[in-house]
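Undergrad: Curious how this folds, go ahead:
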Amino acid sequence: MTETPRHSVSVAAAIFDDSSQKVLLIKRRDNGKWEPPGGVLELDEAIEDGLRREVREETGAEIEVGPLTGVYKNMTLGIVALVFRCKATTHSVTHTVEAAEVAWFPLSELPLVMDEAYSVRVADAQSNEPAVRIHDGRWLLPR
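TA: Numbers count the residues shown, from 1 in each chain. Below you'll find the predicted structure:
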C-alpha cells in the first residue's frame, strides 16, 4: 500500500492598520524576505490559536482573528497556507527571535518588497471572496 503524501499546514495574518492603508509585515530571519506574520500549525492546536501564537511569537502583537481570505499551496514544498484578515488588539510590535524586523508598510509598496506569492495574500485579504491559489514559493502558477 502506498503511503499518503504529507502536507504542512501554515497560517498567516493580514493585519491592517485602522485606515486599511498599511499592513503589518515581518522580515524573516531565515531568508530575509518580507511576509505577513505566521507559521506552521502544531498538531495539537486549533487554527485560530496557532495563528495568534505565531503572530505573538513574531511581532509581540495580540490579534483578533477575522475571516479566512485565502488558501495557498506551495507546489514545490507541499505547504498549504491559510490566510486570515486580522485586527491588532495591541499596537506595540517589536522584532523577535523569528523576525529580524517588524514594520507597517503602505499597500502601494508591497510589490516592491515582497514576492508575488506573498503580496497577493495581502491583496486577497482586502476582498470579500476567499481566494484559492497555487505558487512555487515566489510566483503564482497558472491553474
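Undergrad: Residues contacting stretch 25-45, please?
TA: 8-15, 23-24, 47, 50-51, 53-55, 57-59, 81, 83, 97-105, 113-115, 118, 121-122 (CB atoms under 8 Å, 6 or more residues apart in numbering). Placement of C-beta: from N, CA and C, glycine included.
Undergrad: quick one: which of those sit in strands?
TA: 8-15, 23-24, 81, 83, 99-105 (DSSP state E).
Undergrad: just the helices in this structure please.
TA: 47-59, 110-113, 116-125 (DSSP state H).
Undergrad: most neighbours per residue, which of those?
TA: The highest mean neighbour count among the helices of the chain, using mean count of other CB atoms under 10 Å, belongs to helix 116-125: a mean of 21.
Undergrad: Which neighbouring elements make contact with that helix?
TA: Using 3 or more CB pairs under 8 Å, 6 or more residues apart in numbering; DSSP states H and E as the contact test, the elements touching helix 116-125 are strand 8-15, strand 63-74, strand 79-88, helix 110-113, strand 131-135.
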